[in-house]
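[1] structure for the following, please:
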Amino acid sequence: MSHDVQPTDLADPPQNADSEKPSEKTVDTAPAADPAEGLAETPIEAEDASEPAAPSAPVSAPTGVDASSNSDISEKSAEEKADDEVAEAVAAEPAEKTPGRVRRILRSRAMFHGLNILAGALVFAALLYPNVLRRLTLGNFARIPIEAAFGILLMIVLPRRPRLVVGSVLGAGLGWLLIQKSLDMGWFNTLARPFDVILDWELFDDTFNFIRDSYGAAGAWGAALGAITLGAAVIALMIWAVLRLAALITEHRRRSALTAAGIASAWMLSLALGLQLIPAVPVAARTSVTYAWDRAWQAKEGIANEAAFADEIKVDPYKNVPADQILTALRGKDVMFTFVESYGRNAVESPSLAAGTTAVLEDGDAQLKAAGFAYRSGWLTSATYGGNSWLAHSTLLSGLWINNQSRYRNLTASDRLTIPSAMQKAGWDTVSVMPGATRAFPEGDFYGYNRIWDSRNLSYQGPRFSWSQMPDQYTLKQFNEVEYNRPGRKPLMVEMPLISSHTPWAPIPTFMDWDEVGDGSVYNAIAADGAQKADIWTSAAKVRREYGRSIRYTLTTLISWVEKYGNDNLVLVFLGDHQPSSVVTGDNASHDVPITIVAKDPAVLDRIASWNWTPSLKPAADAPVWPMNAFRDRFFTAFGPSGGNH
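    Residues are numbered from 1 along each chain as shown. Predicted structure coming up:
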């Protein structure tokens, strides 16, 4: 039976002696003489040696030369001329047909087999490539992928043209799985969840902005172009590998069928015996097909959840509450919601971090108690982890679970009542202070802010601290100037993220006397002398140490601000937005963050007595844990007209 052959996957075909018609002048079967010898003898063979040479005109011999040698000179000249012509012909022929060194290497049998081995290794590695960084070990690849057996059988039965199409699709699919699994590694390491192929594309814009703000525009564009080029190269390489193997398989169909049968048999035996070379990783692997199915199901669920969320937004028990019934127990108070970047449960409970954080919080208890303040603390489970702080902000303020960018986009396009918009409706002057923002924030209208202060109008004249545009102490001091100490103002509702504890946690500002802060130029020397990113991101231990320092700095700053500047009407709600990334927390950490309410008026904390929160700035380990989206309604209820009865 005839079969198709991919010419790119075969060595140079052997010359067939019968493929060309023999020359009619050939009269014997003796081995061919050297081409140069044959050509050199041609002028002599053309003459009949039995016949005398034709007479020629006499030639006068030069003086001193024997005339008898003249014929020898003439004959020698003819032979030399013929030899020259032969040499030119022989020299010209190899120049046209002999390949160069590079081409000889590329067309060599060793290169042919080497490329086949490379293609096989690429496909094998792609089939077993994990999507979690800690599984990227040699043991993970000591497994049997059942997909390989099915792929071989498929290539055997397909005709040439469908085989090329199917092989290209399978190669592109394997390439995409490699890319998505690599994205999963990054997402798990940073956000503790896999990449969502439907909902997470918009996060690349924020990633670009983060890189630009941290490393400059050139670094951001370089990273973007590098990522695009690498992705295209991965897909192209996998298509090449699959097509090359497909050609090899069809060239050796019988051997390939036996190989597929062997793979399938070994896989089934391993599955039956439950073989594992490393714990919890079976030798019988079906990694790619299972992963592809899970991601397809995830995409389907994502689309369905997005549609369901549109209906969820519309259900709001507080949407039609009259303005005079909103947060009546807080009338006349300045209510501040302060998010402490990356302030998670690990900061107060992890053995390597708890001692330093606990010391700051216990000292804060004493400081604030002496200043006449009281406090209660509990836990919230954040909708995000390791980053995407705006998802946590929107979850707390809207009362909806906002755990991806699609939900955030749909939320901010709605008329959902938020804590700021409700307080704006009830008469508070609503302000957002966003020291990390470097451009306009159109979502401010959705939240209900009357004014937004950001890095462009807070008049900071000092250096950046990595991603952070300004230290938290400067932000709070400047807030005094532009809002808190402004004469004749209305009661404020403030939302303020504090960002000095934002990754990469280097350099970190130093807390100083409030009168020294000035316009921020005092921080130039501090930033220059502090540890830099390259200094600490060489080990996880150094990163955890600097993360702990950054949390202590922000908590110290905030507690000091309350003690020094907080008035009798201050009600401060401060909380973490999310846990830090897994480089600090390790794998499988919770999403819990501390939340604390500080007030000087005892009646405020009486309203939340039923919450059973801990009477300290540090929540007890067994303090209540709520999902972050539950806070809005509990807050509205506790401080509403009937709050004392709940």
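
[2] quick check: closest non-adjacent residue to residue 135.
    Using Cβ to Cβ, 6 or more residues apart in numbering and skipping the chain neighbours, the partner closest in space to residue 135 is residue 281 (7.5 Å). Yep, even glycine has a C-beta here, placed from its N, CA and C like the rest.

[3] what's near enough to touch that neighbour?
    Residue 281 makes contact with 135, 139, 140, 143 under the criterion Cβ atoms under 8 Å, 6 or more residues apart in numbering.

[4] how about the strands in the stretch 251-400 of the chain?
    Assigned by DSSP state E, counting those that start in this stretch, the stretch 251-400 of the chain shows strands spanning 276-278, 281-282, 284-285, 334-340, 374-381.

[5] and the contacts of the last one?
    When contacts are taken as Cβ under 8 Å, 6+ apart, the neighbours of strand 374-381 outside the stretch itself are 345, 365, 368, 396, 575, 590-600, 602, 605, 608, 611-620, 623-628, 631.

[6] quick one: buried residues of the longest helix seen in the chain?
    Selection of the longest helix in the chain by residue count, based on DSSP state H, yields helix 217-251. Buried residues in helix 217-251, counted by 16 or more other Cβ atoms under 10 Å: 220, 231, 234-235, 237-250.

[7] ok, the residue nearest to residue 135 to residue 467 distance?
    In this structure, residue 281 and residue 467 are separated by 37 Å, where distance is defined by Cβ to Cβ, to the nearest Å.

[8] and residue 582, by the same measure?
    From residue 582 over to residue 467 (counting by Cβ to Cβ), the distance is 19 Å.

[9] thinking again about what came up before, which members of the contacts of strand 374-381 are classed as buried?
    For the contacts of strand 374-381, burial is judged from neighbour counts taken by 16+ other Cβ under 10 Å, and it is met by 345, 365, 368, 396, 575, 590-600, 605, 608, 611, 613-614, 616-619, 623, 628, 631.

[10] what about these, which are in helices?
    Cross-referencing the buried ones among the contacts of strand 374-381 against helices under DSSP H gives 345, 365, 368, 396, 605, 631.

[11] mind saving the C-alpha coords of the helix or strand harbouring residue 407 as CSV?
    Remark: residue 407 resides in helix 405-412, with elements defined by DSSP states H and E. This file holds the C-alpha atoms of helix 405-412, laid out as CSV (Å, rounded to 0.1, in the frame of the first residue of the first chain):
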residue,chain,number,x,y,z
GLN,A,405,-12.4,42.2,36.6
SER,A,406,-15.5,41.3,34.7
ARG,A,407,-17.6,41.7,37.9
TYR,A,408,-15.8,44.9,38.7
ARG,A,409,-16.6,46.3,35.3
ASN,A,410,-20.2,45.4,35.5
LEU,A,411,-20.5,46.7,39.0
THR,A,412,-19.1,50.1,38.2
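
[12] what helices or strands is it leaning on?
    Counting contacts by 3 or more Cβ pairs under 8 Å, 6 or more residues apart in numbering; DSSP states H and E, the secondary-structure elements packed against helix 405-412 are helix 287-314, helix 389-398.

[13] so residue 384 touches residue 576, yeah?
    No - with contact defined as Cβ atoms under 8 Å, residue 384 does not count as touching residue 576 (11.0 Å).

[14] who has more neighbours out of these two?
    It is residue 576, of residue 384 and residue 576, that has more neighbours when counted by other Cβ atoms under 10 Å, with 27 against 24.

[15] quick one: the more buried one from residue 431, how far?
    When distance is defined by Cβ to Cβ, residue 576 is 22 Å away from residue 431.

[16] ranges for the helices of the stretch 401-550 of the chain?
    With DSSP state H, counting those that start in this stretch as the definition, the stretch 401-550 of the chain shows helices at residue ranges 405-412, 419-425, 444-447, 472-479, 523-529, 533-536, 540-565.

[17] equivalent analysis for the stretch 51-200 of the chain, please.
    Across the stretch 51-200 of the chain, reading from the start of the chain, the helices by DSSP H, counting those that start in this stretch fall at 70-97, 101-106, 109-128, 146-157, 160-191.

[18] now do the phi/psi pair for the residue nearest to residue 471 when sequence neighbours are not counted.
    When the adjacent residues along the chain are set aside, residue 471 lies closest to residue 509, with 3.7 Å between them (Cβ to Cβ, 6+ apart). Backbone torsions for residue 509, taken as degrees, to the nearest 10, come to phi -70, psi 170.

[19] one step back: let's have the contacts of residue 281 in JSON lines, adding distance to residue 406, pLDDT and neighbour count.
    Formatted as JSON lines, the entries for those read as follows, by distance: Cβ to Cβ, whole Å; pLDDT from 0 to 100; neighbours: other Cβ atoms under 10 Å:
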{"residue": "135", "distance to residue 406": "29", "pLDDT": "82", "neighbour count": "16"}
{"residue": "139", "distance to residue 406": "37", "pLDDT": "80", "neighbour count": "12"}
{"residue": "140", "distance to residue 406": "32", "pLDDT": "83", "neighbour count": "18"}
{"residue": "143", "distance to residue 406": "35", "pLDDT": "88", "neighbour count": "23"}
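
[20] and of those, the nearest to residue 286?
    Distance from residue 286 was checked for each of the contacts of residue 281 by Cβ to Cβ. The minimum falls on residue 143, at 9.8 Å.

[21] the closest one and residue 127, how far apart?
    Here the distance between residue 143 and residue 127 works out to 9 Å (Cβ to Cβ).

[22] got any residues that touch both of these two?
    Listed as contacting both residue 143 and residue 127 by Cβ under 8 Å, 6+ apart are 285, 287.

[23] hmm, who's touching stretch 285-303?
    Residues lying outside stretch 285-303 but in contact with it, judged by Cβ under 8 Å, 6+ apart, are 126-131, 143-147, 173-174, 177, 180-181, 194, 196-199, 267, 404, 406.
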